[in-house]
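Trainee: kindly generate the corresponding structure for this input.
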Amino acid sequence: MKVILLEDEYLLNRNIKEFLELRGAVVEAYTDGSELLRNCTIKADIAILDIEVPGASGYEVIEWINRVDEDIPTLFMTAYTDIKSVEKAYSLGCADYLKKPFDLLELWLRIQHLVEGNHYTKVQLNNKIMFDMEHEQLYNEKDIINLSKIQRKILKSLIKHKNSIVTYEILINEVWEDEFVKVNTIATHVKEIRKFIPSSMITSSRAEGYCLHL
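Mentor: Have a look, this model is predicted:
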(Lines give C-alpha, C1' and ligand atoms only; values in the text may rest on other atoms or scores of the structure.)
Protein backbone atom coordinates (compact mmCIF):
# COMPACT_ATOMS: atom_id res chain seq x y z
CA MET A 1 0.00 0.00 0.00
CA LYS A 2 1.33 3.46 -0.94
CA VAL A 3 0.28 6.40 1.28
CA ILE A 4 0.65 10.15 0.76
CA LEU A 5 0.83 11.91 4.14
CA LEU A 6 0.56 15.66 4.76
CA GLU A 7 0.94 16.69 8.42
CA ASP A 8 2.94 19.67 9.66
CA GLU A 9 3.32 18.52 13.28
CA TYR A 10 6.68 16.77 13.05
CA LEU A 11 6.15 14.27 15.87
CA LEU A 12 2.69 13.24 14.67
CA ASN A 13 3.96 13.00 11.08
CA ARG A 14 6.80 10.72 12.17
CA ASN A 15 4.57 8.58 14.40
CA ILE A 16 2.00 8.03 11.65
CA LYS A 17 4.71 7.25 9.10
CA GLU A 18 6.45 4.72 11.35
CA PHE A 19 3.14 3.14 12.40
CA LEU A 20 2.02 2.63 8.81
CA GLU A 21 5.43 1.37 7.68
CA LEU A 22 5.34 -1.29 10.40
CA ARG A 23 2.16 -2.52 8.70
CA GLY A 24 3.86 -2.75 5.33
CA ALA A 25 2.84 0.60 3.84
CA VAL A 26 5.13 2.78 1.75
CA VAL A 27 4.67 6.33 3.06
CA GLU A 28 5.56 9.51 1.18
CA ALA A 29 5.41 12.07 4.00
CA TYR A 30 5.34 15.88 3.83
CA THR A 31 5.03 18.70 6.38
CA ASP A 32 4.45 21.45 3.80
CA GLY A 33 1.63 21.48 1.24
CA SER A 34 3.63 23.35 -1.39
CA GLU A 35 6.48 20.84 -1.09
CA LEU A 36 3.98 18.04 -1.66
CA LEU A 37 2.65 19.71 -4.80
CA ARG A 38 6.19 20.13 -6.15
CA ASN A 39 7.55 16.67 -5.36
CA CYS A 40 4.76 14.15 -4.86
CA THR A 41 4.88 11.17 -7.24
CA ILE A 42 1.04 10.81 -6.88
CA LYS A 43 1.18 7.01 -7.32
CA ALA A 44 -0.75 6.11 -4.17
CA ASP A 45 -3.58 4.06 -2.70
CA ILE A 46 -4.72 6.79 -0.30
CA ALA A 47 -3.90 10.38 0.74
CA ILE A 48 -4.05 11.45 4.40
CA LEU A 49 -4.19 15.24 4.67
CA ASP A 50 -4.14 17.82 7.44
CA ILE A 51 -5.99 21.04 6.54
CA GLU A 52 -4.01 23.82 8.18
CA VAL A 53 -0.41 23.33 7.04
CA PRO A 54 2.35 25.63 5.70
CA GLY A 55 2.33 26.34 1.98
CA ALA A 56 -0.69 24.89 0.20
CA SER A 57 -3.55 23.86 2.49
CA GLY A 58 -5.10 20.42 2.61
CA TYR A 59 -8.01 21.85 0.61
CA GLU A 60 -5.65 22.91 -2.18
CA VAL A 61 -3.91 19.54 -2.16
CA ILE A 62 -7.16 17.57 -2.52
CA GLU A 63 -8.16 19.80 -5.44
CA TRP A 64 -4.83 18.97 -7.09
CA ILE A 65 -5.26 15.24 -6.40
CA ASN A 66 -8.72 15.34 -7.96
CA ARG A 67 -7.25 16.84 -11.14
CA VAL A 68 -4.36 14.37 -11.36
CA ASP A 69 -6.01 11.12 -10.19
CA GLU A 70 -9.56 11.35 -8.86
CA ASP A 71 -9.55 7.64 -7.93
CA ILE A 72 -7.25 8.20 -4.94
CA PRO A 73 -9.40 8.27 -1.76
CA THR A 74 -8.53 11.05 0.69
CA LEU A 75 -8.86 11.17 4.46
CA PHE A 76 -8.73 14.52 6.25
CA MET A 77 -7.37 14.68 9.79
CA THR A 78 -7.69 17.98 11.60
CA ALA A 79 -8.40 19.73 14.89
CA TYR A 80 -11.13 21.71 13.15
CA THR A 81 -14.55 20.74 14.48
CA ASP A 82 -16.91 23.35 13.02
CA ILE A 83 -19.46 22.04 10.55
CA LYS A 84 -18.31 24.41 7.77
CA SER A 85 -14.85 22.82 7.69
CA VAL A 86 -16.39 19.36 7.55
CA GLU A 87 -18.81 20.47 4.84
CA LYS A 88 -16.03 21.99 2.74
CA ALA A 89 -13.86 18.87 3.07
CA TYR A 90 -16.66 16.61 1.83
CA SER A 91 -17.64 19.03 -0.93
CA LEU A 92 -14.08 18.70 -2.29
CA GLY A 93 -14.42 14.93 -2.37
CA CYS A 94 -12.78 13.67 0.81
CA ALA A 95 -13.80 10.11 1.64
CA ASP A 96 -13.48 10.35 5.44
CA TYR A 97 -12.79 12.86 8.20
CA LEU A 98 -10.84 12.13 11.42
CA LYS A 99 -10.79 14.59 14.33
CA LYS A 100 -7.58 15.08 16.31
CA PRO A 101 -6.49 13.67 18.68
CA PHE A 102 -7.05 10.11 17.48
CA ASP A 103 -5.72 6.63 18.09
CA LEU A 104 -3.37 5.37 15.38
CA LEU A 105 -5.24 2.08 15.31
CA GLU A 106 -8.44 3.97 14.42
CA LEU A 107 -6.56 5.67 11.58
CA TRP A 108 -5.38 2.27 10.32
CA LEU A 109 -8.92 0.83 10.44
CA ARG A 110 -10.25 3.78 8.44
CA ILE A 111 -7.44 3.41 5.89
CA GLN A 112 -8.23 -0.28 5.46
CA HIS A 113 -11.90 0.52 4.99
CA LEU A 114 -11.20 3.13 2.32
CA VAL A 115 -8.58 1.13 0.43
CA GLU A 116 -10.05 -2.36 0.71
CA GLY A 117 -13.68 -1.85 1.68
CA ASN A 118 -14.27 0.49 -1.23
CA HIS A 119 -12.63 -1.98 -3.63
CA TYR A 120 -9.71 0.26 -4.55
CA THR A 121 -7.97 -1.75 -7.22
CA LYS A 122 -4.42 -0.38 -7.49
CA VAL A 123 -1.97 -2.38 -5.38
CA GLN A 124 1.49 -0.86 -5.00
CA LEU A 125 4.20 -3.55 -4.87
CA ASN A 126 7.02 -1.04 -4.45
CA ASN A 127 7.68 2.61 -5.37
CA LYS A 128 7.43 1.87 -9.11
CA ILE A 129 5.61 -1.45 -9.59
CA MET A 130 1.81 -1.44 -9.34
CA PHE A 131 -0.84 -4.09 -10.10
CA ASP A 132 -4.34 -3.10 -11.20
CA MET A 133 -6.61 -5.79 -9.74
CA GLU A 134 -9.63 -4.79 -11.81
CA HIS A 135 -7.89 -4.91 -15.18
CA GLU A 136 -5.36 -7.59 -14.18
CA GLN A 137 -2.41 -5.54 -15.41
CA LEU A 138 1.07 -4.97 -14.01
CA TYR A 139 2.74 -1.55 -14.43
CA ASN A 140 6.21 -0.12 -13.98
CA GLU A 141 5.17 3.46 -13.23
CA LYS A 142 2.94 4.09 -16.29
CA ASP A 143 4.47 1.44 -18.57
CA ILE A 144 2.68 -1.91 -18.98
CA ILE A 145 4.73 -4.98 -18.05
CA ASN A 146 4.04 -7.73 -20.56
CA LEU A 147 3.01 -10.76 -18.55
CA SER A 148 0.83 -13.47 -20.08
CA LYS A 149 -2.84 -13.67 -19.14
CA ILE A 150 -2.16 -16.72 -16.96
CA GLN A 151 0.72 -14.97 -15.18
CA ARG A 152 -1.45 -11.92 -14.48
CA LYS A 153 -4.14 -14.16 -13.00
CA ILE A 154 -1.58 -15.94 -10.82
CA LEU A 155 -0.27 -12.60 -9.54
CA LYS A 156 -3.82 -11.42 -8.85
CA SER A 157 -4.50 -14.56 -6.84
CA LEU A 158 -1.29 -14.16 -4.83
CA ILE A 159 -2.14 -10.51 -4.07
CA LYS A 160 -5.71 -11.42 -3.15
CA HIS A 161 -4.37 -13.91 -0.57
CA LYS A 162 -1.32 -11.83 0.38
CA ASN A 163 0.81 -12.85 3.36
CA SER A 164 -0.62 -16.38 3.43
CA ILE A 165 0.23 -19.57 1.54
CA VAL A 166 -1.71 -19.89 -1.70
CA THR A 167 -1.83 -23.61 -2.33
CA TYR A 168 -1.52 -25.21 -5.73
CA GLU A 169 -5.18 -26.22 -5.38
CA ILE A 170 -6.24 -22.60 -4.89
CA LEU A 171 -4.22 -21.46 -7.90
CA ILE A 172 -5.61 -24.22 -10.10
CA ASN A 173 -9.13 -23.30 -9.01
CA GLU A 174 -8.78 -19.53 -9.44
CA VAL A 175 -6.49 -19.39 -12.49
CA TRP A 176 -7.26 -22.52 -14.48
CA GLU A 177 -10.80 -23.05 -13.15
CA ASP A 178 -10.00 -26.59 -11.99
CA GLU A 179 -8.49 -27.74 -15.29
CA PHE A 180 -5.58 -30.14 -14.89
CA VAL A 181 -2.19 -28.42 -14.78
CA LYS A 182 1.22 -29.64 -13.65
CA VAL A 183 2.94 -28.08 -10.64
CA ASN A 184 6.02 -27.53 -12.82
CA THR A 185 3.90 -25.40 -15.15
CA ILE A 186 2.83 -23.21 -12.25
CA ALA A 187 6.45 -22.91 -11.12
CA THR A 188 7.50 -21.76 -14.59
CA HIS A 189 4.90 -18.99 -14.59
CA VAL A 190 5.88 -17.85 -11.10
CA LYS A 191 9.53 -17.74 -12.19
CA GLU A 192 8.55 -15.31 -14.97
CA ILE A 193 6.54 -13.13 -12.58
CA ARG A 194 9.52 -12.88 -10.21
CA LYS A 195 11.54 -11.19 -12.96
CA PHE A 196 9.36 -8.08 -12.79
CA ILE A 197 8.66 -7.62 -9.07
CA PRO A 198 10.96 -7.45 -6.00
CA SER A 199 12.68 -10.85 -5.96
CA SER A 200 11.98 -11.62 -2.29
CA MET A 201 8.28 -10.77 -2.52
CA ILE A 202 7.15 -14.27 -3.57
CA THR A 203 8.37 -17.19 -1.48
CA SER A 204 7.70 -20.86 -2.15
CA SER A 205 6.53 -23.46 0.34
CA ARG A 206 7.69 -26.92 -0.63
CA ALA A 207 4.85 -29.15 -1.86
CA GLU A 208 2.27 -26.51 -0.84
CA GLY A 209 2.36 -23.39 -2.97
CA TYR A 210 3.46 -19.74 -2.79
CA CYS A 211 3.14 -16.69 -0.55
CA LEU A 212 3.29 -13.05 -1.65
CA HIS A 213 4.58 -10.81 1.12
CA LEU A 214 3.06 -7.33 1.00
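Trainee: okay, the residue most central in space within the chain: pLDDT?
Mentor: The chain has M1 as the residue nearest its centroid, 2.7 Å off, counting by C-alpha atoms, centre = their mean. The model reports M1 with a pLDDT of 77.
Trainee: would you map the strands across the chain?
Mentor: 2-6, 26-30, 46-49, 74-78, 96-99, 122-124, 129-132, 137-140, 143-145, 166-167, 202-205, 209-212 (DSSP state E).
Trainee: partner strands of the third one, with direction?
Mentor: Here strand 46-49 is paired, per DSSP bridges, with strand 2-6 (parallel), strand 74-78 (parallel).
Trainee: same list (the ones you listed) but as JSON lines, adding mean neighbour count.
Mentor: (Glycine included, C-beta is placed from N, CA and C.) Output for these, formatted as JSON lines (neighbours: other C-beta atoms under 10 Å):
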{"stretch": "strand 2-6", "mean neighbour count": "24"}
{"stretch": "strand 74-78", "mean neighbour count": "23"}
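Trainee: of all the ones you listed, which one comes closest to D45?
Mentor: strand 2-6 (5.2 Å; C-beta to C-beta).
Trainee: tell me, how many residues neighbour E35?
Mentor: When neighbours are counted by other C-beta atoms under 10 Å, E35 registers 15.
Trainee: please list all residues in contact with it.
Mentor: G55 (C-beta atoms under 8 Å, 6 or more residues apart in numbering).
Trainee: could I get the strands paired with strand 46-49 as a markdown table with distance to W64?
Mentor: A markdown table is the format used below for the strands paired with strand 46-49 (distance: least, C-beta to C-beta, whole Å):
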| stretch | distance to W64 |
| --- | --- |
| strand 2-6 | 11 |
| strand 74-78 | 11 |
